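sequence first, predicted model second:
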Amino acid sequence: MSIEENQLLADMSGEVREEIARLAEVIDVAEGEVLFDLEDESDEMYLVLGGRIWLGRGEGERRVTFAMAGPGDFFGEMSYFAPAPRSARAQAVTPARVARLDRAAIERALELAPALFTRNAMSAFIRRVRASNDDRVREALQQERLQIVGRTALGIVHDLKNPISVVHVAAACLEDGIPLQDVPGRLRRAAESMTGMLDGLLAFTRGDAGLQVQPVSLRSLLLPLEEQALEGMERRGVQVERDLDPDLVITADPGRLSRALLNIVKNAGEVMPDGGRLSLTVRQEGLDVVFSIADTGGGIPEEVLPTLFDAFVTHGKSGGTGLGMSITKSFVEAHGGTIEVQNVRGTGATFVVRLPQVSP
């Protein structure tokens, strides 16, 4: 490619192009050769006639690319328009040929075609900035996706600890001959809980709760809460108060609703590590069934309340992913129900789940 064909000289007359070409110094550059480096003091610009020039900074894995210049491109013009040390390195990644314009040549080009030279230089600069911004946005989105995947995986592991601990305790009791009520049932429910957690997470990510509504007694609905949360909380000194009719039959998806209630109970247990009181109340109000879960964990900070049910928003928990309460809300709403929190800072929080007793 000739100098006259470079985009810097676009729309200029043949005479102007020829004169600028006479002022340029053509240089052959070896692969790996550096034309200028970060913080260099210079006011020259380069037109690429052949090969490829990398523009960026850093080394190895920390290498950041700003642009890759090929035939027809130019670079380095900003050192003239905005005098300052170089902010990047220019290095040939293939054998290349460039035309160098020094300060005198640039000023002569500005005399010959001031509007076109400035327009072409600024247009190329803006294109590079836009391309660089697009790259940064793509990198940021990719990093965010990786962080979401990591937080989600961490949350799955965190949530599976409860049913796995049930399996571990039941297996240990079997091995040591220690009596434990309904071992087969505990193992089966723990396995069902783990499967339900994974199915529920997949349903949440698809935006489909996938409900399997059926009549279910409170006794069976609340068994996962007892085995995976409440029994352990009582061993830690939390006083658990239950005000409900275990034989009450409601219409719900037992797996999804148990998971929703378990998320609330687990959160309540985590804010009462040194003991406290948890009240679980279930009552009928007309055609609705209302679940109330209250703790004495000091309440929820006011600044947290607006985003309490948002996905991937977690508040002060090292193992949290910010999915628990969002999943809970989605499962409750899939039943046609509502969830609200009554908060008294310094005292505790009460979560109220209201479910209509008709098919959603």
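Arrived safely, thanks for sending.

so how far is residue 259 from residue 27?
To residue 259, residue 27 is 68 Å away according to CB to CB, to the nearest Å. For glycine as for every other residue, the C-beta is placed from the backbone atoms N, C-alpha and C.

check which helices and strands the helix or strand where residue 326 lies is in contact with.
In the assignment (DSSP states H and E), residue 326 maps to helix 324-334. With contacts defined as 3 or more CB pairs under 8 Å, 6 or more residues apart in numbering; DSSP states H and E, helix 324-334 has these neighbours: helix 183-206, helix 254-270, strand 338-344.

please work out which residues outside the last one touch it.
Residues outside strand 338-344 that contact it (CB atoms under 8 Å, 6 or more residues apart in numbering) are 299-300, 302, 305, 308-309, 328-329, 332-333, 349-354.

go ahead and confirm residue 326 touches residue 310.
Yes. If you go by CB atoms under 8 Å, residue 326 and residue 310 touch, sitting 6.3 Å apart.

okay, the two: which has more neighbours?
residue 326 (19 against 12; other CB atoms under 10 Å).

which of residue 27 and residue 259 has more residues huddled nearby?
Neighbours of residue 27 and residue 259, each counted by other CB under 10 Å, are more numerous for residue 259; the result is 23 against 14.

distance check, the more buried one against residue 98.
Separation of residue 259 from residue 98 (CB to CB): 64 Å.

in the helix holding residue 326, what counts as buried?
Using 16 or more other CB atoms under 10 Å as the test for burial, helix 324-334 gives 324, 325, 326, 327, 328, 329, 330, 331, 332, 334.

identify the residues contacting the fifth one.
Residue 328 makes contact with 259, 260, 261, 263, 264, 309, 339, according to CB under 8 Å, 6+ apart.

check contacts around the fifth one.
Okay, so that is residue 264. When contacts are counted by CB under 8 Å, 6+ apart, residue 264 touches 293, 325, 328, 351, 353.

for stretch 71-85, how far is the first residue from the last?
End-to-end span of stretch 71-85 (CA to CA, to the nearest Å): 25 Å.

please work out the average pLDDT along that stretch.
Stretch 71-85 shows a mean pLDDT of 83 in the predicted model.

C-alpha coordinates for stretch 348-359, CSV please?
These are the backbone C-alpha positions of stretch 348-359, laid out as CSV (Å, rounded to 0.1, in the frame of the first residue of the first chain):
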residue,chain,number,x,y,z
GLY,A,348,-36.0,-8.8,64.9
ALA,A,349,-37.7,-9.5,61.6
THR,A,350,-40.9,-11.3,60.7
PHE,A,351,-41.5,-12.7,57.3
VAL,A,352,-45.2,-13.2,56.3
VAL,A,353,-46.1,-15.5,53.4
ARG,A,354,-49.7,-15.5,52.3
LEU,A,355,-50.9,-18.3,49.9
PRO,A,356,-54.4,-18.5,48.3
GLN,A,357,-55.9,-21.9,48.6
VAL,A,358,-56.9,-22.2,45.0
SER,A,359,-54.8,-23.5,42.1
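
follow-up on the earlier one: the helices and strands packed on helix 324-334: lowest mean pLDDT?
Of all the helices and strands packed on helix 324-334, the minimum mean pLDDT falls on helix 183-206 (a mean of 61).

hang on, residue 241 packs against residue 278?
Yes. Under the criterion of CB under 8 Å, residue 241 makes contact with residue 278 at 7.1 Å.

the two: who's more crowded?
With neighbours defined as other CB under 10 Å, residue 241 and residue 278 compare such that residue 278 has more, 23 against 10.

for the protein, give me the ranges with low pLDDT.
61, 132-210, 311-323, 358-360 (pLDDT under 70).

50 - rerun?
319, 359-360 (pLDDT under 50).

ok, residues contacting the strand or helix carrying residue 55?
Secondary structure from DSSP H and E places residue 55 in strand 53-57. With contacts defined as CB under 8 Å, 6+ apart, strand 53-57 is touched by 29, 35, 38, 46, 63-70, 73, 75, 87-93, 96, 98.

kind regards, and thank you for your time.
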